Each structure stands twice: as C-alpha cells, then as structure tokens.
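J.: 3D model of this:
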Amino acid sequence: MLRFSTFLKEETAEDYRQSIIRMGYRNLKNISSKRFQIFVPAKERLIVADKIASRLGGALVSTGNNAGKPVVEFVGGILLFVKPEPSKSGVGGTAKEDAQLASLQKQIQDELTKTDLMELKLKIGNKYYAVARAATTPGTPKSDFHLLNNKGIEVVWISHKDGSKAKDFQQWGGMSARAEPLIASHSETQEFIDDVKKEFGGVMPRATTVGRPVKDKNLMGMSVYGNKYKTGVLGRQNVTILLQGPVKLVKSKTYYELESNHTSINGDIMTGDYAPVFMAIYKGDRNNFGVKGARFAIQPKASRKFKDI
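T.: Sure thing, here's the model as predicted:
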C-alpha cells in the first residue's frame, strides 16, 4: 500500500485505486482521470471512508446529508466517492475488520455509559490497561485498530484476522524487501529464497506452492505481531494482541477481557495449523525476489496445501 513518503511524487487515481485493492476492497470503478468510486455496504460507508483516508493520507471532505455521502480527497485533487453496495459482492476481508472495529467501539461505549466511568479496566495477559475508545490505525502497520485512554493516548494495539480457523485468512505477513526489510534480510528467509531459485531455476511452475516451516522464534514473532517484535516495545508494529473473528468485550470480576474465535497475546508462539510457514506460490503476474511467477509470503501452515522444500 501507499505510505506517506510516496506522496512526495504525484500519484494518480489508478495508484490510489491499486492501494485500496491491496487493502482488501475490490468493487471500484473509475469515473475520470481524477475521480473514482468504491462500493461498500451502506452502513459501513463512513467507517470505510475514514479508514481509507487515514491509511492513504487523504482527507474526509464531505459527508453529505446525515453523513451519508462520504468523499475522500487525496493529493492533487483526486476524489474517491464512497457509494452504497446493496450486496456483499466485491467487499474483501477489510470490510469485516471495519465491522469488528465498529462493534468493539460500541461495546466499549455501552459499558462506559452503563457504568458511568470514563475508562474501562482491560486485562490482556498479566497487564492492565485503561481504555476509553477504539480507532483504526492509520498507515499500513501490523496493527489494524487500537485502543486509547481518555487522554487520547494509544495503549493497546490489535491485529485482526477474519474467520475461526487458520485456513480462513491468507497470510501472517509479507516478505518483500520494500515492506519488510528485516524479514526479507533474515538469513532463514534468504536461505528459503535461494532454495526456491535452485529448485525451479528462476521460474515458478504453474499450480505450484512450496513451503518450509519458520524456525527462528524472533522471525515468527515479527511475522505475526509486527517487525518491531524483537524490541519488546509494544506499538503499531508490535501488537499487544491478535484476535480472529468476532471481537467480544467480556466483563470478568472488576475488569474486562477481549475474546474471539482465536486469541493470541504478544509472545505466544503459533503452533499446529497456525504455525508460520515460508511459502512461494505461483501467481502469473508476480516476480518476487527474481523468481518469475512467484509470490512469497509467510502464511499459517493450514492456509493452503504445499510441498515441503
């Protein structure tokens, strides 16, 4: 996806459209050289517009009557019109992530109203956090959304995956030198890349996926929790907790906890179906690490069938 630094050059509507597609949205339509549309469920228009604006450096310039017509303006006067989509076709996993953010924010607000408190006491692992609201995390870090205290300070960072099983989401993270230089340069990563090149001579065969389990625990952590995992400092690139599927705020004694279909707290090592695996997958339009037709990623073991290399 586009990062703030890329705005130093003139971006086109097509550049932004491709970045939005990489965020997980598919139902887009070009209007002109500086105007395009995205179609999402009507109730999610504002959430989606705000997320796209935050992540790609745009501004929400119009909400229309009753906040029903959001428009995002990018550098150079490029406009994105967020339109209602009556069906769910064309909406990727990011829409479900947005829905979970909205749900969590409502649960927090409902509890604050009910208890007449300014903050809730949230327990994650053996630590406690004072939280007052949830918000989307801008840019393209590992954190999808975060929790803030009543002073507006970020205190908890959350990576969210859809579904209930390891095969329900695509990957733990990418391996490209541009997006993940620490992962790409790791000796174990380089060894896997070299072995793929030796195996196939620089051209990935059709209908082929090869893989190898990741062994280094720090590399596992960087892929699952973020590339600053090794620092031990929690933040946008080293999330506090990973949640899969519906997110629930549950009262327990004098504090609250977060529950989901699959929950992992920073430092937990993924095993079994969730174990991180290097994968090289045939994708005709890709050319990763000099291997024509290959896409490299670190994925859950059960995400797809692969030949061990």
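J.: quick one: low-confidence parts of the chain?
T.: Along the chain, the model assigns pLDDT under 70 to residues 1-10, 62-68, 85-94.
J.: select the longest helix from it.
T.: helix 93-115 (DSSP state H).
J.: off-centre distance for that helix?
T.: The chain centroid and the centroid of helix 93-115 are separated by 17 Å under C-alpha atoms, centre = their mean, to the nearest Å.
J.: what does stretch 240-248 give?
T.: 12 Å.
J.: which outside residues touch it?
T.: 100, 103-104, 107, 124, 156-164, 168-169, 224-225, 234, 258-266 (C-beta atoms under 8 Å, 6 or more residues apart in numbering). C-beta coordinates here come from the backbone N, C-alpha and C atoms, glycine included.
J.: what residues of it count as buried?
T.: 240-245, 247-248 (16 or more other C-beta atoms under 10 Å).
J.: distance to residue 81 and secondary structure added to those residues, as JSON lines?
T.: Formatted as JSON lines, those follow (distance: C-beta to C-beta, whole Å; DSSP: H, G, I helix; E, B strand; the rest coil):
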{"residue": "240", "distance to residue 81": "35", "secondary structure": "coil"}
{"residue": "241", "distance to residue 81": "35", "secondary structure": "strand"}
{"residue": "242", "distance to residue 81": "34", "secondary structure": "strand"}
{"residue": "243", "distance to residue 81": "31", "secondary structure": "strand"}
{"residue": "244", "distance to residue 81": "32", "secondary structure": "strand"}
{"residue": "245", "distance to residue 81": "31", "secondary structure": "coil"}
{"residue": "247", "distance to residue 81": "30", "secondary structure": "coil"}
{"residue": "248", "distance to residue 81": "34", "secondary structure": "strand"}
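J.: how's the protein carved up into domains?
T.: The chain is divided into the following domains under automatic domain parsing: 4-84, 93-163+227-265, 167-222+272-308.
J.: just flag the most distant two among the buried residues of stretch 240-248.
T.: 240 and 245 (17.7 Å; C-beta to C-beta).
J.: how far does the strand ranked longest in the chain sit from its chain's centre?
T.: The single longest strand within the chain, with elements called by DSSP state E, is strand 276-288. Its chain's average C-alpha position is 19 Å from that of strand 276-288, according to C-alpha atoms, centre = their mean.
J.: who's in contact with that strand?
T.: Under the criterion C-beta under 8 Å, 6+ apart, residues 172, 175-176, 188-189, 192, 196, 204-214, 219-220, 223-224, 270, 291, 293-301, 303-304, 306, 309 lie in contact with strand 276-288.
J.: swap in 6 Å and give it another go.
T.: Strand 276-288 is contacted from outside by 172, 192, 196, 204, 206, 208-214, 220, 223, 270, 293-299, 301, 306, using C-beta atoms under 6 Å, 6 or more residues apart in numbering.
J.: could you turn the buried ones of those into a PyMOL selection?
T.: To isolate the buried ones among the contacts of strand 276-288 in PyMOL, judged by 16+ other C-beta under 10 Å, type:
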select buried, resi 172+192+196+204+209+210+211+212+214+220+223+270+293+294+295+296+297+298+299+301+306
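J.: quick one on the thing from earlier: which strands and helices lie in contact with the longest helix of the chain?
T.: helix 45-56, strand 133-136 (3 or more C-beta pairs under 6 Å, 6 or more residues apart in numbering; DSSP states H and E).
J.: quick check: next helix or strand after the longest one?
T.: On the C-terminal side of helix 45-56, the closest following helix or strand by DSSP states H and E is strand 59-62.
J.: from the chain's centroid, how far away is that next one?
T.: 23 Å.
J.: and it, which strands flank it?
T.: strand 71-74 (antiparallel) (DSSP bridges).
J.: just the CA trace of the strand it pairs with, in PDB.
T.: Provided in PDB are the C-alpha atoms of strand 71-74 (Å, rounded to 0.1, in the frame of the first residue of the first chain):
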ATOM      1  CA  VAL A  71     -15.900  11.700  -0.200                       C
ATOM      2  CA  VAL A  72     -12.200  11.200   0.300                       C
ATOM      3  CA  GLU A  73      -9.800  13.800  -1.300                       C
ATOM      4  CA  PHE A  74      -6.200  12.800  -2.000                       C
END
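J.: which residues does that strand contact?
T.: 16, 49, 52-53, 58-59, 61-62, 79-81.
J.: of these, grab the buried ones for ChimeraX.
T.: In ChimeraX, a selection of the buried entries from the contacts of strand 71-74 looks like this (16+ other C-beta under 10 Å):
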select :16,49,52,53,58,79,80,81
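J.: pick out whichever of the contacts of strand 71-74 sits closest to residue 113.
T.: residue 49 (26.0 Å).
J.: what's near enough to touch that closest one?
T.: Applying C-beta under 6 Å, 6+ apart, the residues contacting residue 49 are 60, 70, 72, 82.
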